[in-house]
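Enquirer: Have a look; sequence and predicted model below, questions after that.
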Amino acid sequence: MQNTTQLKKGDTAKVLSGKDKDKKAKIIEVDRKMSRVVLEGLNIRHRFEKSRAGSPGTKISFPASMATGKVMLVCPHCGKPTRIGHHFLEDKSKQRICKKCKKAI
């Protein structure tokens with residue numbers, strides 16, 4: 001797997017395929033090694049805990065990770081899903097830019 005994702009924690013992303021298609025959410029976790037992201041409130045999975053010592057069993061819901069190829073960054077300026085470009089500043093640092101509106105992300 002490639003770890004070429006340019007998504008960061010706190011970005012807004014749109015889901016391109018799957019049961020949550022066309023929904024937008026904030027990225028809460030990025031796993032670059034496995035090329036996966038976790039979106040807030042989307043791709044919800046459930047886990048059940050057994051009852052122990054008199055306490056009843058519980059159903060735990062949590063957002064599961066999804067592949068980075070299934071999500072696309074939403075530009076905070078133009079509000080459209082976009083690919084990410086790069087622009088080099090004068091101090092030789094790299095900055096992410098929106099491919100549609102050409103503004104810094």
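Expert: Received the coordinates, thanks.
Enquirer: and K50, how many residues sit next to it?
Expert: Using other CB atoms under 10 Å, the number of residues around K50 comes to 8. For glycine as for every other residue, the C-beta is placed from the backbone atoms N, C-alpha and C.
Enquirer: list the contacts for it?
Expert: G57 (CB atoms under 8 Å, 6 or more residues apart in numbering).
Enquirer: Contacts only, for the residue nearest the centre of the chain.
Expert: In the chain, the centroid-proximal residue (CA atoms, centre = their mean) is I27; its distance is 3.9 Å. Taking CB under 8 Å, 6+ apart as the criterion, I27 is in contact with L7, K8, K9, G10, D11, T12, A13, V37, V38, L39, E40.
Enquirer: For N43, see how far away the nearest residue to S17 once chain neighbours are set aside is.
Expert: Sequence neighbours aside, K70 is the residue nearest to S17 in space, at 5.3 Å (criterion: CB to CB, 6 or more residues apart in numbering). Counting by CB to CB, to the nearest Å, the separation of K70 from N43 is 9 Å.
Enquirer: got any residues that touch both of the two?
Expert: Common neighbours of K70 and N43 (CB under 8 Å, 6+ apart) are G18.
Enquirer: Please, where are all the strands along this structure?
Expert: Taking DSSP state E as the test, the strands found in the chain are 12-15, 24-31, 36-39, 44-49, 58-63, 65-67, 71-73, 84-88, 94-98.
Enquirer: Run me through the strand neighbours of the fourth one, direction for each.
Expert: Meaning strand 44-49. strand 58-63 (antiparallel) (DSSP bridges).
Enquirer: Check which residues of the strand it pairs with are buried.
Expert: Residues P63 are the ones in strand 58-63 that count as buried (16 or more other CB atoms under 10 Å).
Enquirer: outside of that strand, which residues touch it?
Expert: Under the contact criterion CB under 8 Å, 6+ apart, strand 58-63 has outside partners 28, 38-49.
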